[in-house]
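J.: sequence below, structure please.
(one chain, ligands or ions: 1)
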Amino acid sequence: MFLKLGNIPTVIISSPETAELVLKTHDAIFASRPKLKAIHYISDGTKGLAFAPYGPQWRNNRKFCSQELLTAEKIGYSAGMRKEEIGVLVEEVKGFGDELVVVDLGEKIGDLIGNMTYRMLFTEGNSERFDLKNIVKEMVRLSGTINVADYVPFLEPFDIQGLNKQMKETGKRVQEIFDTIINEHEQDARNYTHKSKNKDLVDIMLSYQDNLNSYSIDRATMKAILSDMIVGAIDTSHTWIEWVFAEIVKHPTVMNKLQDELTSIVGLDRMVEEDDLPKLEYLELVLKETFRLHPVAPLLVPRESIKDVVINECYIPKGSRVMINCWALGHDPKIWSDNVEEFIPERFIAKNIDLRGHDFHLLPFGYGRRSCPGLNLGLITVKLIVTQLVHCFNWDLPDGILPDDLDMTETFGLAAPRAQKLLVIPTYRLLC
Ligand code: HEM
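T.: Residues are numbered from 1 along each chain as shown. As a prediction, this is how the structure comes out:
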């Protein structure tokens with residue numbers, strides 16, 4: 001579909017065949033991102049990775065993050081930290097005993113992923129002194145709000161939605177927090193205090209500062225990369241996991257099948273380890289079906305074309321904004337048959353569709369040059385949290401709410417999380 005939104009030619013792709021043409025055949029032409037106002041005000045996004053224009057700076061930053069944080073080996077180093085963080089949550093919930101406490105599961109999951117992410121990036125968890133949780137919520141909200149000035153640029157000075165002021169305030173706060181974190185890491189390096197801990201991403205970025213011979217990272221780039229890693233990692237995994245739980249409490253037979261698989265592979269006398277994850281086949285089906293119905297990034301992350309091109313006889317001028325409509329792909333009866341609205345993980349048994357991409361019917365992590373570099377970390381996080389919580393606990397809806405009554409409304413932004421809280425009652429089920 002070709003539209004003119006304000007001054008911006010916009011293309012929305014809703015078929016797997018055309019998605020393949022854009023993301024694979026003409027990948028290089030659609031490898032840039034639009035300069036959105038939120039990214040400009042909140043972090044100097046053009047210096048980072050997720051919203052940097054296609055070019056050498058983006059390429060170097062992506063290579064740096066992929067090699068220094070997101071390889072299988074580097075992700076493996078932080079397995080102990082993930083185990084510790086999830087263990088704390090399991091102990092907390094287990095501590096409710098037989099009291100049938102109602103838990104806001106989405107909030108617990110968000111806090112857990114936040115802690116895991118901050119510890120990888122700058123060692124400290126969600127420390128109270130920064131109130132990171134609320135700042136990140138605000139960053140995500142503002143990045144996902146449709147800003148009229150992104151489509152009709154001359155309206156920007158009028159700030160008719162009042163967004164500029166909010167974005168500037170949030171941006172100032174984010175910059176201050178990152179400056180404090182970086183200053184403290186520099187101080188630690190000067191005092192050699194950092195030697196007593198594992199290197200986090202800020203330590204590694206500092207070691208690339210003022211590197212005269214090759215790739216060098218300045219402070220603005222450090223802050224833009226931190227911002228990209230936080231926004232990229234937390235909201236995506238959180239949204240996916242919350243939808244998995246919403247679907248499995250709505251479909252107890254699916255929860256039972258997941259638990260049966262875990263009982264047979266892991267056993268009831270221990271918790272799940274990351275090594276168990278590749279053996280869990282039914283889990284893969286549940287993740288795919290959840291993503292099909294509730295794509296985390298329903299329009300992926302917008303792309304921008306860097307030259308004129310003709311696709312399917314449609315002329316797409318340079319500078320067009322291109323969105324892949326993953327929501328429409330997942331709800332198309334021509335692809336998934338008439339039961340498209342039903343949650344049936346088994347529909348994927350006969351389909352050779354990999355969560356990691358290579359199939360344009362289901363694109364959890366996008367495709368091509370701008371595809372998600374955090375895919376491996378995202379999958380481990382999602383799988384570990386889902387399996388650990390499903391293995392350790394039974395989850396029931398509070399009294400008076402029947403599975404069919406569960407509100408499945410979604411909100412819309414960069415990600416598409418649940419509109420309502422997911423309130424559930426856990427009961428411990430392991431023998432240890
Ligand atoms: C399950 C979790 C995740 C999902 C579903 C997800 C999804 C996505 C999607 C759909 C895109 C856009 C791809 C495209 O335009 O083709 C993307 C890009 C990106 N993601 Fe993820 N992501 C996840 C986890 C992560 C993690 C853990 C990180 C980093 C720690 C991360 C960092 C990024 C970055 C930096 C980009 C922009 C890449 C670029 O423009 O070159 N993501 N992600």
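J.: for the ligand, what is the nearest residue in the stretch 151-300 of the chain?
T.: Using CB to the nearest ligand atom, G232 is the residue of the stretch 151-300 of the chain that sits closest to the ligand, at 2.7 Å. Just so you know, the C-beta spots here come from the backbone N, C-alpha and C atoms, and that holds for glycine as well.
J.: residue ranges with poor pLDDT in the stretch 201-350 of the chain?
T.: For the stretch 201-350 of the chain, the stretches with pLDDT under 70 are 213.
J.: neighbours of the residue of the stretch 151-300 of the chain closest to the ligand, how many?
T.: As a burial measure, G232 scores 22 neighbours (other CB atoms under 10 Å).
J.: contacting residues for it?
T.: Residues near G232 by CB atoms under 8 Å, 6 or more residues apart in numbering: A50, C372, G374.
J.: helix, strand or coil: sort out the second one for me.
T.: Assigned by DSSP: H, G, I helix; E, B strand; the rest coil, the conformation of C372 is coil.
J.: wait, it sits on G378?
T.: Yes. Counting by CB atoms under 8 Å, G378 is a contact partner of C372 at 6.7 Å.
J.: between those two, which contacts overlap?
T.: Applying CB under 8 Å, 6+ apart, one finds that C372 and G378 are jointly contacted by F365.
J.: which bits of the stretch 201-350 of the chain sit near the ligand?
T.: Residues of the stretch 201-350 of the chain found near the ligand (CB under 6 Å from any ligand atom) are D228, M229, G232, A233, T236, S237, W240, V296, A297, L300, V301.
J.: just the closest of those to E261, please.
T.: For these, the residue nearest E261 by CB to CB is W240; the value is 18.9 Å.
J.: now for that closest one: which residues touch it?
T.: Taking CB under 8 Å, 6+ apart, we find W240 in contact with L287, T290, F291, H294, V296, P364, V382.
J.: in a markdown table, list these along with neighbour count.
T.: Listed next are these as a markdown table, based on neighbours: other CB atoms under 10 Å:
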| residue | neighbour count |
| --- | --- |
| L287 | 23 |
| T290 | 26 |
| F291 | 21 |
| H294 | 25 |
| V296 | 24 |
| P364 | 26 |
| V382 | 26 |
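J.: from these, which land in strands?
T.: Per DSSP state E, strands hold no members of those.
J.: of all those, which two lie farthest apart?
T.: Farthest apart among those - using CB to CB - are H294 and V382, which lie 12.7 Å from each other.
J.: tally of neighbours for S43?
T.: The burial count for S43: 28, using other CB under 10 Å.
J.: can you check D228 too?
T.: D228 is flanked by 24 other residues according to other CB under 10 Å.
J.: tell me if I'm right that it and D44 touch.
T.: No. Using CB under 8 Å, D228 is not in contact with D44; the gap is 10.9 Å.
J.: now, the residues of the stretch 201-350 of the chain next to the ligand that are in strands?
T.: Assigned to strands by DSSP E, none of those qualify.
J.: now G171: which helix or strand?
T.: Assigned by DSSP states H and E, G171 belongs to helix 163-191.
J.: next SSE after that helix?
T.: Scanning forward in sequence from helix 163-191 by DSSP H and E, the next helix or strand is helix 201-207.
J.: out of the residues of the stretch 201-350 of the chain next to the ligand, which is nearest to N60?
T.: If you rank those by distance to N60 using CB to CB, D228 comes first, at 13.7 Å.
J.: list the residues that contact that closest one.
T.: Residues counted as contacts of D228 (CB under 8 Å, 6+ apart) are S43, G45, G48, L49, A50, F51.
J.: what does F96 give?
T.: Here F96 is in contact with V103, P426 (CB under 8 Å, 6+ apart).
J.: quick one: it and the ligand, what's the gap?
T.: As judged by CB to the nearest ligand atom, to the nearest Å, F96 and the ligand stand 28 Å apart.
J.: checking that residue next. Helix, strand or coil?
T.: Here F96 is recorded as coil under three-state DSSP.
J.: quick check: it vs F64, distance?
T.: Plainly put, F96 is 43 Å away from F64 if you go by CB to CB, to the nearest Å.
J.: ok, now R190?
T.: Using CB to CB, R190 is found at 23 Å from F64.
J.: between these two, which has more neighbouring residues?
T.: Neighbour totals were compared for R190 and F64, and F64 leads with 19 against 9 (other CB under 10 Å).
J.: tell me if I am right that that one is in a strand.
T.: No. Under three-state DSSP, F64 falls outside any strand and is assigned helix.
J.: please name the nearest non-neighbouring residue to it.
T.: Y215 (6.5 Å; CB to CB, 6 or more residues apart in numbering).
J.: start and end of stretch 342-360, how far apart?
T.: This stretch, stretch 342-360, spans 21 Å end to end (CA to CA, to the nearest Å).
J.: again with stretch 148-155
T.: Criterion CA to CA; first-to-last residue distance in stretch 148-155 is 8 Å.
J.: contacts for it next, please.
T.: The contact list for stretch 148-155 (CB under 8 Å, 6+ apart) reads 5-8, 34, 36-37, 156, 159-161, 163-164.
J.: which one of these is nearest to P56?
T.: Taking CB to CB as the measure, P56 lies nearest P34 of the contacts of stretch 148-155, at 19.2 Å.
J.: contacting residues around that closest one?
T.: When contacts are counted by CB under 8 Å, 6+ apart, P34 touches I8, D150, P302, E304, R321.
J.: need the pLDDT of it.
T.: Here the pLDDT value assigned to P34 is 91.
J.: which secondary structure element contains it?
T.: Assigned by DSSP H and E, P34 belongs to no helix or strand.
J.: roughly how far apart are it and F130?
T.: To F130, P34 is 30 Å away according to CB to CB.
J.: report the contact partners of L5.
T.: L5 sits next to Y151, R321 when contact means CB under 8 Å, 6+ apart.
J.: ok, and what's touching the host helix or strand of R82?
T.: In the assignment (DSSP H and E), R82 maps to helix 79-94. With CB under 8 Å, 6+ apart as the test, helix 79-94 has contacts from 103, 108, 112, 115-116, 119-120, 125, 271, 273-274, 380-381, 384-385, 388-389, 392-393, 426, 428.
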